[in-house]
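Visitor: just the structure for this:
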Amino acid sequence: MKILFAAPENAWGGFLGKIRSVLPRHEFVATGGFNIDSLEGFDVLIPTMSMVTAEVMDTGRSLKLIQQCGAGLETVDIKAAVERGIWVANVPTDKSGNADSVAELGIYMMIGLSRDVEGMSTSLKERRMGEPQGRALLGKTVGLIGLGGIGKALARRLKPFGVRLVGLRRNPDDKTKREMGLDWIGGKEDLESLLGESDYVLLCLPLTDESRDIINKKTIYWMKQGSFLINLSRGGLVNRDALEEALARGHLAGAGLDVFWEEPPDPYDPIFSYNVMVTPHIGGSTDVSIKGIIDVVAGNIQRVERGERPLYVKSI
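Guide: Numbering: from 1, shown residues only. Below you'll find the predicted structure:
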C-alpha cells in the first residue's frame with residue numbers, strides 16, 4: 001500500500017521513520033510540509049495538521065483510509081469522507097499513552113509558571129539567591145475543561161499535590177465526579193463558575209464550532225485575578241488578542257501554550273514577551289506515546305490491507 005504522510009519527513013520525533021520500520025513492505029511518502037497537493041495513487045493518508053477537504057479527497061481515486069496519528073480530526077471533512085466511502089480514524093489519547101504524556105507536560109507548565117522559571121534564570125545571572133518566591137500547588141483550585149483522556153490523566157496526577165479539582169464536560173455525571181475525585185462537575189453553563197474559582201485553568205477539550213474561542217475577552221473577564229491558563233488541546237480554543245490583553249494588564253499571571261492560533265507560530269510574536277511558557281506542540285511527543293500511536297496506526301493500515309474495518313472509525 002502507498003501511504004502519504006502530510007508533514008515534514010522528521011516531524012514528531014521521527015514518526016515516519018519509526019512506522020516505516022514497522023511496515024517495511026509499504027511505501028511511505030512525506031509531503032515535506034503541512035499541505036496536500038494530490039492524493040492520486042495513495043491508499044492511506046496520515047493528515048497530521050493538513051486540511052483535508054472534499055476537493056483534496058477528489059484528487060485521489062484509490063484512497064481507502066484517512067488515519068490521524070493522534071486524536072485531532074478538526075482539519076478533516078469527515079462528512080465528505082463518509083460520502084466517498086473513505087474510512088476516517090484517529091488514535092484516542094487514552095489508547096496510546098498520549099494522554100499521560102500530555103498530562104505530564106501540563107503539570108510541568110503548572111510548576112514552571114508557579115515557580116517562575118524565567119525569574120530563576122534572572123536571579124542566577126544576577127547572583128541573587130533565594131529569589132523569586134514561587135507559588136505552591138498545595139491548596140490551589142485547578143479547573144479542568146474537558147474530562148476525556150487528558151483530563152482524567154491530569155486528575156490522577158494532580159491529586160497527590162493536594163489541589164482541589166473542579167471540571168466541566170458536555171454531559172456531567174456523578175460517576176465521573178467520584179472516579180476523578182472532583183469537588184464538583186458541571187456543564188457548559190457552569191463555565192463562569194469554574195473560571196471564577198480556578199487558580200489554574202487547563203484546556204483539554206476538542207476544537208469544535210462550539211468550543212472555538214471558548215477563552216475570549218468575555219470569559220477571561222470571568223477568570224480569577226492572577227490565575228494561569230494552560231492550553232494543551234488546540235490553539236483555536238483561545239482568542240489570541242484577548243489573551244495578550246489579559247497578560248498585559250496583569251489579569252492573568254501567565255499562560256502555558258503547547259498549541260497556537262497558527263502553527264508554527266511567529267517566534268517574535270509580542271505575546272511571548274509576557275510570562276508565557278511555550279512548547280512546540282510536543283505534548284504527545286514522547287517515547288511512550290509515539291510507540292502507542294504507531295501500534296494503532298500500523299494496525300489500522302494492516303486491517304485496511306486485509307479488507308477489514310479499522311479501529312476508532314469516526315462517523316457523522
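Visitor: wouldn't D77 be in contact with V52 here?
Guide: Yes: D77 sits in contact with V52 when judged by CB atoms under 8 Å, with a separation of 6.3 Å. Backbone N, C-alpha and C define where each C-beta goes, glycine included.
Visitor: have a look at these two and say which one is more surrounded.
Guide: A direct count of neighbours by other CB atoms under 10 Å for D77 and V52 places V52 higher, at 24 against 20.
Visitor: how far away is M120 from G143?
Guide: M120 sits 26 Å away from G143, taking CB to CB, to the nearest Å as the criterion.
Visitor: quick one: which of those two has more around it?
Guide: Between M120 and G143, G143 has the larger neighbour count (other CB under 10 Å), namely 26 against 14.
Visitor: find me the pLDDT at the more buried one, would you?
Guide: On the pLDDT scale, G143 is placed at 98.
Visitor: immediately after the helix or strand hosting V201, which helix or strand?
Guide: Secondary structure from DSSP states H and E places V201 in strand 200-203. Later in the chain than strand 200-203, the nearest helix or strand by DSSP H and E is helix 217-222.
Visitor: dump that following helix to PDB, restricted to CA.
Guide: Only the C-alpha atoms of helix 217-222 are listed here, as PDB (Å, rounded to 0.1, in the frame of the first residue of the first chain):
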ATOM      1  CA  LYS A 217     -12.400  38.700  26.100                       C
ATOM      2  CA  LYS A 218     -15.700  37.900  28.000                       C
ATOM      3  CA  THR A 219     -14.700  34.600  29.500                       C
ATOM      4  CA  ILE A 220     -11.200  35.900  30.500                       C
ATOM      5  CA  TYR A 221     -13.000  38.600  32.500                       C
ATOM      6  CA  TRP A 222     -14.600  35.700  34.500                       C
END
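Visitor: who are the packing partners of the longest helix along the chain?
Guide: Criterion DSSP state H: the longest helix present in the chain is helix 287-305. Under the contact definition 3 or more CB pairs under 8 Å, 6 or more residues apart in numbering; DSSP states H and E, helix 287-305 sits against helix 11-22, strand 44-46, strand 65-67, helix 98-114.
Visitor: can you measure across stretch 36-45, start residue to end residue?
Guide: Counting by CA to CA, to the nearest Å, you get 10 Å between the two ends of stretch 36-45.
Visitor: would you indicate which residues of that stretch are buried?
Guide: For stretch 36-45, a neighbour-count test (16 or more other CB atoms under 10 Å) marks I36, L39, F42, D43, V44, L45 as buried.
Visitor: got a list of contacts for that stretch?
Guide: With contacts defined as CB atoms under 8 Å, 6 or more residues apart in numbering, stretch 36-45 is touched by 1-4, 6, 29, 31, 47, 50-52, 56-57, 59-67, 301, 304.
Visitor: next: stretch 145-153.
Guide: Stretch 145-153 is contacted from outside by 71, 92-94, 98-100, 102-103, 106, 144, 155, 167-169, 176, 180, 185, 191, 194, 201-206, 214, 232-233, using CB under 8 Å, 6+ apart.
Visitor: ok, stretch 290-297 next?
Guide: Residues outside stretch 290-297 that contact it (CB under 8 Å, 6+ apart) are 12-13, 15, 18-19, 22, 46, 67, 69-70, 91, 95-98, 284, 311-312.
Visitor: export the helices and strands packed on helix 287-305 to JSON lines and tack on mean pLDDT and distance to R127?
Guide: Below are the helices and strands packed on helix 287-305 laid out as JSON lines (pLDDT from 0 to 100; distance: least, CB to CB, whole Å):
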{"stretch": "helix 11-22", "mean pLDDT": "89", "distance to R127": "38"}
{"stretch": "strand 44-46", "mean pLDDT": "98", "distance to R127": "50"}
{"stretch": "strand 65-67", "mean pLDDT": "98", "distance to R127": "54"}
{"stretch": "helix 98-114", "mean pLDDT": "96", "distance to R127": "22"}
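Visitor: just send those back as a markdown table, with distance to R135 too.
Guide: Below are the helices and strands packed on helix 287-305 laid out as a markdown table (distance: least, CB to CB, whole Å):
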| stretch | distance to R135 |
| --- | --- |
| helix 11-22 | 32 |
| strand 44-46 | 41 |
| strand 65-67 | 42 |
| helix 98-114 | 4 |
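Visitor: where does the residue of the chain most remote from its centre fall, helix, sheet strand or coil?
Guide: Checked against the mean C-alpha position of the chain, the extreme residue using CA atoms, centre = their mean is R127, at a distance of 37.7 Å. Using DSSP: H, G, I helix; E, B strand; the rest coil, the structure places R127 in coil.
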